[in-house]
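Visitor: generate coordinates for the sequence data below:
(chains A and B)
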Amino acid sequence: LTDMEPLTKGRWKNKQKVLVFTSRGITFKGRHLIKDLRNLMPHTKTDVKMDRKSDLLMVNEICELKNCNKCVYLVGKKGRDVYMWVSNVPHGPSALFHVEYLNMMEELKFTGNCLKASRPILSFDSKFDETPHMKLLKELFIQVFGTPNYHPKSQPFIDHVFTFSVMDGKIWFRNYQIVEETGGELVEIGPRFTMTLSRILSGSFGGPVLYCNPDYQSPNLMRHLHKKKNSMKYVEHKA
Amino acid sequence: FRPITAPPPAINNEVGLLEKLEEISQSDLEWVERLDVTIKRNKSEVTEDDQTDVHNDFQREVSFYGQAQNSVISAMLRLHSSGINTKRPDDYFAEMAKKDDHMKKVGVKLLALKKRRETSE
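Guide: Numbering: from 1, shown residues only, chains lettered A, B, ... in the order given. Model prediction:
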């Protein structure tokens, strides 16, 4: 009896369950992103696509039904734009991002590989500690993207690293395999994407706005400005 | 009514943000439950000036790689010093994130690339 190991060793304490799902009308890229995230995060669940026209607050109810306390919800608009909500259900905060520059794990240019359910190290740029809104995002990302210790579906090894860097007003996501531990030799696994913060809400999918990114341009506006810039070409050329 | 090109009203409720951070922070959990590392991203060695060019794919990726590398080194030191095993034993088999046939395709592509490089020399 004296040989029995203490019960607290191996107890699953950090109970994060993440619902990862999309709206209808998502592009194939968004769908593959969901697949990759599900593949890399053993603590996630998914649900059927949600109708985009229904109330966003419905997502909270779906999370509750699925027993999840975190949510990653991808919204596809106009058949090309991908937005991502990351939320702490039910009390918030939640953040809306515009997702760009997607490269999938399926692509052959990434040569790394890792266990399906191993835990990642989460690496953050020091820029995440500079402003209150970035600090909040860091905390949210740690809780959403980190696989909890001793999660029943996880493997007790650490062989990959999720990297979040801030550059050019965007958050860049990378995923590397750890080949050599002490030397830190890495090989990229994928996926890649960037997230541009639009706003942070105090509640989950609702409530007062805590932060609104002044540098954020919606893809519609970007296209509008681009078109407008090019529209004067002929007139200027004639004159 | 606001014209489409007008910037949205900038909101930055710092007090509210910090309150929310306090509300969701997991200060009672040990580091090993979360595995987060925050590291200063150095300007990459390949750049001459101190600004990494976002539009230069190579410079950008080297900079991200450097960040990941430094985080791995510091995290592994911390894990190993607290006696946590991170490595998978060689005889431990489990499902991988990428399936074998996918990795085979990657291998074939790499081989083809190597071959092409050799023949062009």
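
Visitor: residue A:196 contacts residue A:97, correct?
Guide: Yes: counting by CB atoms under 8 Å, residue A:97 is a contact partner of residue A:196 at 6.1 Å. C-beta coordinates here come from the backbone N, C-alpha and C atoms, glycine included.

Visitor: quick one: common contacting residues for those two?
Guide: Shared contacts of residue A:196 and residue A:97, defined by CB atoms under 8 Å, 6 or more residues apart in numbering or on different chains, comprise residue A:171.

Visitor: flag every buried residue along stretch A:63-83.
Guide: Across stretch A:63-83, burial judged by 16 or more other CB atoms under 10 Å in any protein chain shown covers A:63, A:66, A:68-77, A:81-83.

Visitor: also stretch A:190-198?
Guide: Result for stretch A:190-198 [16+ other CB under 10 Å]: buried residues A:190, A:191, A:192, A:193, A:194, A:195, A:196, A:197, A:198.

Visitor: now do stretch B:36-43
Guide: B:36, B:37, B:38, B:39, B:41.

Visitor: repeat that for stretch A:17-31.
Guide: Residues of stretch A:17-31 classed as buried by neighbour count (16+ other CB under 10 Å): A:17, A:18, A:19, A:20, A:21, A:22, A:23, A:26, A:27, A:29, A:30, A:31.

Visitor: need those residues in CSV (columns: distance to chain B and secondary structure).
Guide: Putting the buried residues of stretch A:17-31 into CSV (distance: CB to the nearest CB, whole Å; DSSP: H, G, I helix; E, B strand; the rest coil) gives the following:
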residue, distance to chain B, secondary structure
A:17, 15, coil
A:18, 14, strand
A:19, 17, strand
A:20, 15, strand
A:21, 20, strand
A:22, 20, strand
A:23, 23, strand
A:26, 22, coil
A:27, 22, coil
A:29, 18, helix
A:30, 19, helix
A:31, 17, helix
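
Visitor: let me have those residues in TSV, adding pLDDT and distance to residue B:83 as columns.
Guide: TSV is the format used below for these (pLDDT from 0 to 100; distance: CB to CB, whole Å):
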residue	pLDDT	distance to residue B:83
A:17	95	29
A:18	96	29
A:19	96	35
A:20	96	33
A:21	94	39
A:22	94	41
A:23	94	45
A:26	92	44
A:27	92	46
A:29	92	42
A:30	92	42
A:31	93	42
